[in-house]
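Colleague: got a sequence here, can you build the structure:
(one chain, ligands or ions: 2)
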Amino acid sequence: MRGVLPTIEIGYWGNKEGPVQDDISVRFRDSVEVEALMSPFQTNRRNLILGGAASMASFAGASTASAQTPEAADCEATNYYGAPPGSGLSMPPYYQPTPSIKNNNNYFPQSEPLGPDEMRIIFMGSNPWPPRMSQASTSIMVELGNGKRFFFDFGPGCLRNIVANQVPIPEINDIFITHLHIDHYGDLPYLWQFAPFNGRWVPLRVTGPSGSRPEMGTAAMCDHMVQMGLWTSTWALGGMADGYEIEVNEFDYTDDGGVCYDQDGVRIIHWRRSHALDGASAYRLDWNGLSFVWTGDGKPDELTAEYAKGVDVFVSEMAVDLVSLWAIKQGVSQTMGALTIDNFHTPHYAVGYLANVVQPRIAMVTHVSFDRELIGEMLSGIRMHYKGLFAFGIDHTVVNVTKDRVWVREAAFPETTNVVRPSAEWMQANIPMEVTTSPNPVLANQQQSVRDLEIDPALFTPKDQMRRWARVAEMGEEITVDPANLIPTGTPQASS
Ligand SMILES: [Zn+2]
Ligand SMILES: [Zn+2]
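Modeller: Ligands and ions are numbered 1, 2, ... in the order given. Next up, the predicted model:
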């Protein structure tokens, strides 16, 4: 079979037989022998597509093979979802709402206290590039029934989604970065600079890998972030300054399987990923017999197959291996597209391959451009190898997990969300209750002459609205800050 494809020769780089050549030459060809480029699976994949077995809706599960033996029929009888006609695919019997779920179709933030034995995972961003109305960059929040929250990666735009999910700002902490591409930590400076305003007067805790050189590690990134943020942090008053501290837990990226968090029954390990530069890491969280893996970015690899084995929720990054389409749609050069996928990322076929090895209770993909017209193609690639429960982890996807149930929904919230107050318990446990004073930072950092140019408030403020201005001139050298004011004793009463 021959075809004319505007494509390039791919598929021979970085294989196990030899390293990537220094002088990579990319050969564009007007025509290419399609057969020569087809993998052994490709025929099967096309048959799958033609047969319709793999082109189901955006998520589909399978617990049984298609063989219609009496044994298989018996097995299917235990699954009340049954098998769709002709496909042999079905939702597994454990795909059921967990006990804490109030609405089986949507998750409404703050409406569902998490069960004590339950894990909830919410995707706060899912696309590496570009920023989209529907997708921020990668971030996954994991909440546990013991009250702990963890954030895996913190890509640009994720903070908006986290706020919309009504997570109190001071409680956005314990952030685990897989690697230092900006799509995995771009909202960190935003959070770091603003969170003290909302009462996070305790250090930001960031965990991440070292690099091949000190300047390539997580600690160096945080140091430079502090430099970058001086404009904001210089204004810190009293105890607020503690909120501009960063506790960096930089682990040795070569320590495969090393523990980077071990508190309150929660254990998080990491391992190396093959992704662009040394230091890229994956994470696995284990708590109370439940587990979660986020691969971060990287090529499919044996360490992930080993450490993720049998995990409850396996989340992989994914790059759809369609460089010609990228070129047509986005103007991404095919060379760049092929280099990116072949050196940095997990193609959709590989997601299925890895998921089949790992055998999770649910496999998910994120870090993917969720183009609706490509859902069938993405799924067909994954379904070549993996027949288990699967779902996309796109912004607002919510997954509840217990030992015997898994359930996937979408979060629902209005567009005009605002930050939610932290609980009084959190404030009392974390905010110092003594009155503190500090030198007025404005006096040291702003000229009086520019203040003198301000228009007198009396010229634009209604007389009955005039109040004592919290202005520098009236504050003097010392400012008194009373953290107790952060917790109001009641709602304001209308004055008569
Ligand atoms: Zn990325
Ligand atoms: Zn990356």
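
Colleague: next one: Phe150 from ligand 1, what distance?
Modeller: According to Cβ to the ion, to the nearest Å, Phe150 stands 19 Å off from ligand 1. (Glycine included, C-beta is placed from N, CA and C.)

Colleague: contact partners for that residue?
Modeller: Phe150 makes contact with 141-142, 144, 174-176, 261, 266, 268, 285 under the criterion Cβ atoms under 8 Å, 6 or more residues apart in numbering.

Colleague: same list (these) but as CSV, adding distance to ligand 1 and neighbour count.
Modeller: Conversion of the contacts of Phe150 to CSV gives the following (distance: Cβ to the ion, whole Å; neighbours: other Cβ atoms under 10 Å):
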residue, distance to ligand 1, neighbour count
Met141, 17, 23
Val142, 19, 27
Leu144, 25, 22
Asp174, 21, 21
Ile175, 16, 22
Phe176, 15, 27
Tyr261, 22, 20
Val266, 25, 17
Ile268, 20, 23
Leu285, 20, 25
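
Colleague: how about the closest residue to Lys299 other than its chain neighbours, secondary structure?
Modeller: Distance criterion Cβ to Cβ, 6 or more residues apart in numbering; nearest residue to Lys299, sequence neighbours excluded, is Ser274 at 4.4 Å. Under DSSP: H, G, I helix; E, B strand; the rest coil, the three-state class of Ser274 is coil.

Colleague: just the element for whichever residue of the stretch 251-400 of the chain sits closest to ligand 1, please.
Modeller: Relative to ligand 1, the nearest point of the stretch 251-400 of the chain is Asp297 (4.4 Å; Cβ to the ion). When secondary structure is defined by DSSP states H and E, Asp297 falls outside every helix and strand.

Colleague: which residues sit in contact with the nearest residue to Asp301 once chain neighbours are set aside?
Modeller: Nearest residue to Asp301, sequence neighbours excluded (Cβ to Cβ, 6+ apart): Ser274, at 5.6 Å. For Ser274, the contacting residues are 280, 298-299, 301, by Cβ under 8 Å, 6+ apart.

Colleague: mind checking how far Leu114 is from Gly147?
Modeller: For Leu114, the distance to Gly147 (Cβ to Cβ, to the nearest Å) stands at 8 Å.

Colleague: returning to what we had before: and which of the contacts of Phe150 is nearest to Ile362?
Modeller: Set against Ile362, the nearest of the contacts of Phe150 by Cβ to Cβ is Val142 (13.9 Å).

Colleague: ok, back up a step: isn't the residue of the stretch 251-400 of the chain closest to ligand 1 right next to His179, touching?
Modeller: Yes. With contact defined as Cβ atoms under 8 Å, Asp297 reaches His179; the gap is 6.4 Å.

Colleague: how about the helices of the stretch 151-300 of the chain, start to end?
Modeller: 158-164, 188-194, 218-228, 230-233 (DSSP state H, counting those that start in this stretch).

Colleague: about what we covered before: tell me the pLDDT at the residue nearest to Asp301?
Modeller: Looking at Ser274, its pLDDT reads 98.

Colleague: shouldn't His385 be in contact with Pro347?
Modeller: No. The pair His385 and Pro347 does not pass the contact test of Cβ under 8 Å, sitting 11.5 Å apart.

Colleague: residues contacting the spatially most central residue of the chain?
Modeller: Relative to the mean C-alpha position of the chain, the nearest C-alpha, by Cα atoms, centre = their mean, is the one of Ser139, at 1.7 Å. Ser139 makes contact with 123-125, 151-155, 158, 161-162, 187, according to Cβ under 8 Å, 6+ apart.

Colleague: how about 10 Å then?
Modeller: By Cβ atoms under 10 Å, 6 or more residues apart in numbering, the residues touching Ser139 are 122-126, 151-159, 161-162, 175, 183-187, 366, 395.

Colleague: and for the closest residue to ligand 1 within the stretch 1-150 of the chain, the neighbour number?
Modeller: With Cβ to the ion, the shortest gap between the stretch 1-150 of the chain and ligand 1 falls at Pro128, namely 4.1 Å. Residues near Pro128, counting by other Cβ atoms under 10 Å, number 24.

Colleague: check Ile431 too.
Modeller: Around Ile431 there are 21 residues (other Cβ under 10 Å).

Colleague: between Asp297 and His179, what contacts are shared?
Modeller: 153, 273, 275-276, 280-282.

Colleague: buried subset of those residues, written for ChimeraX?
Modeller: Buried residues within the shared contacts of Asp297 and His179, by 16 or more other Cβ atoms under 10 Å, are selected in ChimeraX with:
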select :153,273,275,276,280,281,282
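
Colleague: out of the shared contacts of Asp297 and His179, which two sit at the greatest distance?
Modeller: Asp153 and Ala276 (15.1 Å).

Colleague: before we move on, the earlier item: of all the helices of the stretch 151-300 of the chain, which one is nearest Thr254?
Modeller: Closest approach to Thr254 among those is made by helix 218-228 (14.3 Å; Cβ to Cβ).

Colleague: for the protein, which residues are neighbours of ligand 2?
Modeller: Contact residues (Cβ under 5 Å from the ion) of the chain with ligand 2: 181, 297.

Colleague: looking at the chain, which helix or strand does the model trust least?
Modeller: helix 34-37 (a mean of 36; mean pLDDT, DSSP states H and E).

Colleague: closest residue of the stretch 201-350 of the chain to ligand 2?
Modeller: Asp297 (3.6 Å).

Colleague: just give the nearest non-adjacent residue to that residue, would you?
Modeller: His275 (4.5 Å).

Colleague: returning to that earlier point: shared neighbours of His385 and Pro347, anything?
Modeller: With Cβ under 10 Å, 6+ apart, His385 and Pro347 have common neighbours Tyr353.

Colleague: domains of this protein?
Modeller: Taking automatic domain parsing as the domain assignment, the ranges for the chain are 7-61, 106-411, 432-486.

Colleague: distance from the second one to the middle of the chain?
Modeller: In other words, domain 106-411. 3 Å (Cα atoms, centre = their mean, to the nearest Å).

Colleague: list the buried ones in stretch 418-438?
Modeller: Neighbour-count burial for stretch 418-438 flags 419-422, 426-427, 430-431, 436, 438 (criterion: 16+ other Cβ under 10 Å).

Colleague: so which of these comes closest to ligand 1?
Modeller: Nearest member of these to ligand 1, counting by Cβ to the ion, is Val419, at 27.1 Å.

Colleague: and the closest one, what pLDDT?
Modeller: Looking at Val419, its pLDDT stands at 90.

Colleague: count the neighbours of Ile328 for me.
Modeller: Ile328: 12 neighbours (other Cβ under 10 Å).

Colleague: secondary structure element holding it?
Modeller: For Ile328, the host element (DSSP H and E) is helix 323-330.

Colleague: what residues does that helix touch?
Modeller: 5-8, 10, 129-130, 319-320, 322, 332-342, 369, 371, 373-374, 377.

Colleague: drop anything exposed from the residues you listed.
Modeller: So, by 16+ other Cβ under 10 Å, the buried ones in the contacts of helix 323-330 are 7-8, 10, 319-320, 322, 334-335, 337-342, 369, 374, 377.

Colleague: how close does the residue nearest to Lys299 sit to Asp464?
Modeller: Relative to Asp464, and taking Cβ to Cβ, Ser274 is found at 68 Å.

Colleague: coming back round to it: can you narrow the buried ones among the contacts of helix 323-330 to ones near ligand 1?
Modeller: Subset of the buried ones among the contacts of helix 323-330 in contact with ligand 1: empty, counting by Cβ under 5 Å from the ion.

Colleague: in helices only, show me the residues you listed.
Modeller: When DSSP state H is applied, these are split such that 334-335, 337-342, 377 fall in helices.
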